[in-house]
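In: 3D, please:
(2 chains)
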Amino acid sequence: MMLLDIANLSRRFSSGGRDVAALSDVSLTLASGETLGLAGASGSGKSTLARILLRLIPADGGTIHFEENDWLKLSGAELRRRRAKMQMVFQDILGAFNPRATVASVLDDPLRIHEIVPKAERPKEIAALLERVGLPASYATRSIREVSGGQRQRIAIARAIATRPSLIVLDEAVSALDVSIRGKILELLVELQQERGIAYLFVSHDLAVLRAVSHRIAVMEAGRLVEIGAASQVIENPRSSAARALIAAVPRLVTGLPERHHYDV
Amino acid sequence: MSALCEIRGLSVTYQGHPVPALTNVDIDIHPGERLAIIGESGSGKSTLARTIAGLLPAGARVRGEMRWSIGQAPLPGRDMGFVFQDPSASLNPVLTIGEQVAEGARRNLGLTWKAAHERALDMLERVRIPDPAKVLKAFPHQLSGGQRQRVAIAAALATGPGILIADEATSALDMIVQAEIVSLLDELVREAGMTLVFITHDVALASGFADRVAIFRNGELVEAGPVGAVLTAPENGYTRTLLASHRDLSTPPLIREAAT
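Out: Predicted structure coming up:
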């Protein structure tokens, strides 16, 4: 049994009087401890898929099985309880936190809500979480606003792993970071996966990022899944025009003599 | 080569900030070149762009010199165009695209509204907006992010400026649109013989089309020179780190593919 099994998922939006298929009949699976990179241009439906999976918006049709639960049928207390196992990290970190929060309170919330550890042990758990993502335990008392973008992303990861999830949905989670920090965050995510067997659904328009961490890559275009396969296979032998366009768009470092680079789009 | 603009000993400190955003920067902008200003967050690259553009906020303290070869600074909006990261912030949400692209040409070139609208239509065609006559009457919210950025470029170029400043102009766009916009900018400035100052955090993106690069870090100019020389044989340790952090499709992955 797969950790995650998405079957025939569909969702339509109406936009400016037109009916737009944001997702058409998308099916995919994800195994424990695996990373599936979900690539696509803006408007391809990849974020809609992530939002339905996180139960932030409803689907029009299709099913999702997560840890053998009929995920879209869960509601109320049962959904809240199971949600601990599926966490998320988004691009806009500051927007995801109460701006007046301290680092400790950001990490205390999931521990308290999901009753991960008894109250008396929470400060120790918070210190361990911070340490695990490469931050000093003394950061607990800082305001979430006074830490840097990269540190804030580490805190978002600490919050995501706090509930001991089996799946984390990462939506453009490193896109806003400087390249030097981006690499370190990707390394941290890979370490956490190897250590805890967490699966990632990694949504990004940047194939270079997905190539770094994904076992398999899925490519979306206009709400449809147009290609899925082993990461090396999709990158080296893309079959869909959408995958070829994404590959061509990755900027190459041109270090040779001033030979002109052409963007073949 | 005589420079279009010689910047000497430039330091900028924002009001209420103890640390200068730029410290003692010496750099030349050559006429007709594509100059890439490269740096990470806090490097001072956007401050340099704002200083050149005359767009620093009130209260910013500026020391040093900016000498323009024509004797005076180009008039922003007429002789100098700008394109920023977020096209929604550069476009007025309640004016049509046509009014916004035409406005600069009307005001700065003394065209009538009718002539300015024709100019706007021509500009929208040049930035390859599909169905430009219809887009002239549209409002910004009716366009995609990539199309809005094309409109912002059309508006910036409508007065035929000699220099264009693009500050992270493609960073908010997805990669496919980014590649299209970069190639469009490159083509337009080359065609018009314009000078382009392209501010970016992405060294690979700049390496594809810039003539010269200038690497910034913590408000200081670390290294500058022809793109080939700086990227093939960087003299500075930070430039080497920046190049080593670059990741593209040929970089070895961090994981082994066969999932355990």
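
In: how many residues are close by the closest residue to A:Met2 other than its chain neighbours?
Out: For A:Met2, ignoring the flanking residues on the chain, the nearest one in space by Cβ to Cβ, 6 or more residues apart in numbering or on different chains is A:Thr29 at 4.3 Å. The way it works is simple: take the backbone N, C-alpha and C, and place the C-beta from them, glycine included. Counted with other Cβ atoms under 10 Å in any protein chain shown, the neighbours of A:Thr29 add up to 16.

In: just the CA coordinates of the strand or helix carrying A:Thr29, formatted as PDB?
Out: Using DSSP states H and E, A:Thr29 sits within strand A:18-30. As requested, C-alpha coordinates have been extracted for strand A:18-30 and formatted as PDB (Å, rounded to 0.1, in the frame of the first residue of the first chain):
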ATOM      1  CA  ARG A  18     -15.100  31.200 -18.100                       C
ATOM      2  CA  ASP A  19     -14.900  27.800 -16.700                       C
ATOM      3  CA  VAL A  20     -11.300  26.700 -16.300                       C
ATOM      4  CA  ALA A  21     -10.100  23.100 -15.500                       C
ATOM      5  CA  ALA A  22      -7.400  23.700 -12.900                       C
ATOM      6  CA  LEU A  23      -7.000  20.000 -12.500                       C
ATOM      7  CA  SER A  24      -8.200  17.300 -14.900                       C
ATOM      8  CA  ASP A  25      -8.100  13.700 -13.900                       C
ATOM      9  CA  VAL A  26      -4.800  13.700 -12.100                       C
ATOM     10  CA  SER A  27      -3.500  10.400 -10.600                       C
ATOM     11  CA  LEU A  28      -0.200   9.700  -8.900                       C
ATOM     12  CA  THR A  29       1.200   7.800  -5.900                       C
ATOM     13  CA  LEU A  30       4.000   8.400  -3.400                       C
END
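
In: list the buried residues of it.
Out: By neighbour count on 16 or more other Cβ atoms under 10 Å in any protein chain shown, the buried set for strand A:18-30 is A:Ala21, A:Ala22, A:Leu23, A:Ser24, A:Val26, A:Leu28, A:Thr29, A:Leu30.

In: partner strands of the helix or strand that that strand is followed by, parallel or antiparallel?
Out: Toward the C-terminus, strand A:18-30 is succeeded by strand A:35-39 as the next helix or strand (DSSP H and E). Applying DSSP bridges, strand A:35-39 is found paired with strand A:199-204 (parallel), strand A:216-221 (parallel).

In: what's strand A:35-39 in contact with?
Out: Identification of contacts with strand A:35-39 by Cβ atoms under 8 Å, 6 or more residues apart in numbering or on different chains yields A:28, A:30, A:46, A:49-50, A:193, A:199-205, A:207, A:210-211, A:213-220, A:231, A:243, A:246, B:255, B:259.

In: for the stretch 151-260 of chain B, which residues are neighbours of chain A?
Out: B:173-180, B:182-183, B:201-205, B:207-209, B:211, B:226-228, B:231-232, B:241-243, B:245-249, B:251, B:253-255, B:257-260 (Cβ under 8 Å from any Cβ of the partner chain).

In: nope, the stretch 1-150 of chain B is what I meant
Out: Counting by Cβ under 8 Å from any Cβ, the residues of the stretch 1-150 of chain B close to chain A are B:Glu40, B:Ser41, B:Gln142, B:Ser144, B:Gly145, B:Gly146.

In: at 7 Å what do you get?
Out: Listed as neighbours of chain A in the stretch 1-150 of chain B under the rule Cβ under 7 Å from any Cβ of the partner chain: B:Glu40, B:Ser41, B:Gly145.

In: which other helices and strands contact the host helix or strand of B:Ser183?
Out: Assignment of secondary structure by DSSP H and E places B:Ser183 within helix B:175-192. Based on contacts counted as 3 or more Cβ pairs under 7 Å, 6 or more residues apart in numbering or on different chains; DSSP states H and E, the elements that helix B:175-192 packs against are helix A:241-249, helix B:145-157.

In: specify the angle between the following helix or strand past it and helix B:175-192 in degrees.
Out: Scanning the chain past helix B:175-192 towards its C-terminal end, the next helix or strand to appear is strand B:195-200 (assignment: DSSP H and E). Relative orientation of strand B:195-200 and helix B:175-192, computed by axes from the mean of the first three to the mean of the last three Cα atoms, to 10 degrees: 160 degrees.

In: neighbouring contacts of strand B:195-200?
Out: B:4, B:29, B:31-38, B:45-46, B:49, B:52, B:162-168, B:185, B:189, B:206, B:210 (Cβ atoms under 7 Å, 6 or more residues apart in numbering or on different chains).

In: filter the residues you listed to the buried ones?
Out: By the neighbour-count criterion of 16+ other Cβ under 10 Å, the contacts of strand B:195-200 include these buried positions: B:4, B:29, B:31, B:33-38, B:45-46, B:49, B:52, B:162-168, B:185, B:189, B:206, B:210.

In: before we move on, the earlier item: does the residue nearest to A:Met2 touch A:Leu3 like I think?
Out: No: using Cβ atoms under 7 Å as the test, A:Thr29 is too far from A:Leu3 to be in contact (8.1 Å).

In: confidence score at residue 211?
Out: Let's take chain A. According to the per-residue confidence, A:Arg211 scores 96 in pLDDT.

In: um, chain B though
Out: Listed pLDDT for B:Asp211 reads 96.

In: I figured it hits B:Arg34, correct?
Out: Yes: with contact defined as Cβ under 7 Å, B:Asp211 counts as touching B:Arg34 (4.9 Å).

In: thinking again about what came up before, in helices, which of the buried ones among the contacts of strand B:195-200 appear?
Out: The helices, defined by DSSP state H, take in B:Lys45, B:Ser46, B:Ala49, B:Ile52, B:Leu185, B:Val189, B:Ala206 from the buried ones among the contacts of strand B:195-200.
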